[in-house]
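Enquirer: Pasting the sequence and the predicted model now:
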Amino acid sequence: MPASLTVDEPLLRGMARDASVYSLTRPWAIVMWAALAAALITSILNLSSAGTDADVLTAWMPVAVVALAAYAIWLTIANARRAVRAAMPPETTVWVEVGERLLRIGAARRRSEIPYEEFQSLRAGRDAVLLKVRTASVVTALPRALFTDEELAALRAKIG
């Protein structure tokens, strides 16, 4: 029998947080953070050489870099919230069944059967299990409470 639960607001917030952390720590995101840190350090070091009124742009550069970083974080969180809420609106009953060759997922009237070969990776957060699909740039977020530790271990072994 598949494990099921009804989604509520605290669960949605927790799942969105886990998805945001996942997105903000992906390899390309880390490259972006490194580039922003380098830009911030460079712009701060250049402040000491700014001595004329013509260097107003140089003076505002650290503020612009910090604002860009804050905007990237805000946008990532907003997109994660929107995606999780679209997939599982509040009061939706979600269920998961870990099979031998595929994962069965249901939310409201939607149902999916996904072979384990379709998944590239799995990350279990505090409130969400995030499954990266090989052919997509997004992850599938499922409530962590639907999985036992044994099922997660089996999923990791099957996904690789």
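Expert: Structure's in. What do you need?
Enquirer: Downstream of the longest helix that the chain contains, the next helix or strand is which one?
Expert: Using DSSP state H to define each element, the chain has its longest helix at helix 56-87. Going down the chain from helix 56-87, the next helix or strand is strand 93-98, by DSSP states H and E.
Enquirer: before we move on, back to that, now for the longest helix of the chain, which elements pack on it?
Expert: helix 9-24, helix 27-47, strand 139-143 (3 or more C-beta pairs under 8 Å, 6 or more residues apart in numbering; DSSP states H and E). Where you see a C-beta, it was placed from the backbone N, CA and C, and this is true even at glycine.
Enquirer: Need the winner for burial among these.
Expert: When you average the neighbours per residue for each of the helices and strands packed on helix 56-87 (mean count of other C-beta atoms under 10 Å), strand 139-143 leads with a mean of 23.
Enquirer: got the angle for the helix or strand that it is followed by vs strand 93-98?
Expert: Where DSSP H and E defines the elements, the next helix or strand beyond strand 139-143 is helix 149-159. On the basis of axes from the mean of the first three to the mean of the last three C-alpha atoms, to 10 degrees, helix 149-159 is oriented at 60 degrees to strand 93-98.
Enquirer: can you offset everything so residue one is 16?
Expert: New numbering, starting at 16: the last item is helix 164-174.
Enquirer: isn't there a strand covering E128?
Expert: Yes: E128: assigned to a strand according to DSSP: H, G, I helix; E, B strand; the rest coil.
Enquirer: pLDDT wise, what is it at?
Expert: What the model reports as pLDDT for E128 is 92.
Enquirer: so it bridges to which residues?
Expert: R119 (DSSP bridges).
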